[in-house]
Every structure is written in C-alpha cells, then in structure tokens.
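Student: okay, here's the prediction I keep looking at, along with the sequence it came from:
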Amino acid sequence: MDVDHPELDQQWNAAARSETEAQRLDRNWSSLLQELRVTQTGVQLLTGFLLTLPFQDRFAALSPGLHVAYLATVACSLTATVLLVAPVGMHRLLFRRHKLRPLVSAAHRFAFCGLLLLGAALTGVAVVVFGTVVGENAGVLAGAVAAATMLATWVAYPLWMRHLHG
C-alpha cells in the first residue's frame, strides 16, 4: 500500500489486479500480518533475553557506559515489542467495525516504527555484547556496523528499489 499516495495505489490495484478497495485492504492486512509474525517472535525473544541480563553475576561489572547502552537497548526493544504487537490489539478493538482502512494505515506506521526501534535494539545488543567481551571501542564499532547494515538493507536499498522501479 502506498501510504504516501493511496489514490495512485488504489488506481494501480484496480487496473493491474482487478481488485476492489476492500480486496486490496484485505490483501494488505494479510501481508502485514505475515510480516508481523516474523518480527514479533524475534523482538519478543530479544526482549526476554535482555530482561534476564541484570540478574547475571557479570552484569554488575559492566562500565557505566555499557549500563546506559543496555538500558537504551531495553527501552528500544520494549517499545518495538509494543509497536509490533499493537496492530493485533487494534484489530481486536476494531473487529467488525468496518475500520480496515484506518487499521491498515495505522498498523503500517506502527510496524515501520517498530522495525526502526528493533534495529536500534539490535544495534544496542551489538554494543553491549562486543563492549563486554572485547571492550567499549569494539562495542561502538560493532554497533556502528550493525546500524549501518540495517539502515542499508532495511531502509536505503528498499528506497532505492522504490525509486528505481517507480
């Protein structure tokens, strides 16, 4: 669904797929749910793992900088979890209310923001793990590489493809 130009998306789908708006919304909702199934499991496992770390003996020995990185990582992971699960709760409250258009639009935005925060959490994990095992400089470098890789593959490349293929 082209959130920036929904009228163009609707025209293209009507011509290319012979879809009604309701069929397009159903397809977009199903597609989004498939994406959320993949990300929800991963972000929930990551969040659960992160929540166990303070209870490990070695956690107290981390530097103040790594404690801050850890807390920022947990905040990103928790918020990503909330945003990636939110469409399910929204669907339950809007079920049979004929609100699929705003649901798909809001869920798309929540999923995108959730993915960005998941990327930030994964970056933080790289910082904390490499910072703990090798040293803080290595942690910062690992975090930068992780962030650059995710930005390149999750944002820059898809935007380039969107631009290239119109």
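Tutor: Sure, I can see it.
Student: quick check: residue 65 vs residue 123, distance?
Tutor: Distance, residue 65 to residue 123, by CB to CB, to the nearest Å: 15 Å. Every C-beta, even on glycine, is put in place using the N, C-alpha and C of the backbone.
Student: can you tell me which residues contact the residue positioned nearest the centre of the chain?
Tutor: The residue lying closest to the centre of the chain (CA atoms, centre = their mean) is residue 115, at 1.3 Å. Applying CB atoms under 8 Å, 6 or more residues apart in numbering to residue 115 gives the contacts 39, 80, 84, 154.
Student: between which two of the residues you listed is the distance greatest?
Tutor: 84 and 154 (14.0 Å; CB to CB).
Student: name the residue in those two with the higher neighbour count.
Tutor: Ranked by neighbour count (other CB atoms under 10 Å), residue 84 and residue 154 place residue 84 first, with 27 against 15.
Student: where's that one relative to residue 44, distance?
Tutor: 9 Å.
Student: dihedrals phi and psi, the residue nearest to the centre of the chain?
Tutor: phi -60, psi -40 (degrees, to the nearest 10).
Student: who are the contact partners of residue 83?
Tutor: 110, 111, 113, 114, 117.
Student: identify the residue nearest residue 86 in space, chain neighbours excluded?
Tutor: Distance criterion CB to CB, 6 or more residues apart in numbering; nearest residue to residue 86, sequence neighbours excluded, is residue 110 at 4.9 Å.
Student: pull the number of nearby residues for that neighbour.
Tutor: Count around residue 110 with other CB under 10 Å applied: 19.
Student: and the host helix or strand of it, what's its mean pLDDT?
Tutor: Using DSSP states H and E, residue 110 maps to helix 100-133. Mean per-residue pLDDT for helix 100-133: 94.
Student: residue 128 touches residue 139, doesn't it?
Tutor: Yes. Assessed by CB atoms under 8 Å, residue 128 is found in contact with residue 139 at 6.8 Å.
Student: list the residues that contact both of these two?
Tutor: With CB under 8 Å, 6+ apart, residue 128 and residue 139 have common neighbours 66, 69.
Student: which of these two has more residues huddled nearby?
Tutor: Taking neighbours as other CB under 10 Å, residue 128 and residue 139 compare with residue 128 leading, 27 against 23.
Student: for that one, give me its contacts.
Tutor: 53, 62, 66, 69, 70, 73, 139.
Student: with just CA atoms, put stretch 113-121 into CSV.
Tutor: Output of stretch 113-121 as CSV, limited to C-alpha atoms (Å, rounded to 0.1, in the frame of the first residue of the first chain):
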residue,chain,number,x,y,z
CYS,A,113,8.4,2.4,13.7
GLY,A,114,8.7,-0.9,15.4
LEU,A,115,11.2,-2.1,12.8
LEU,A,116,13.3,1.0,13.3
LEU,A,117,13.3,0.5,17.1
LEU,A,118,14.1,-3.2,16.6
GLY,A,119,17.1,-2.0,14.5
ALA,A,120,18.1,0.3,17.3
ALA,A,121,17.8,-2.5,19.9
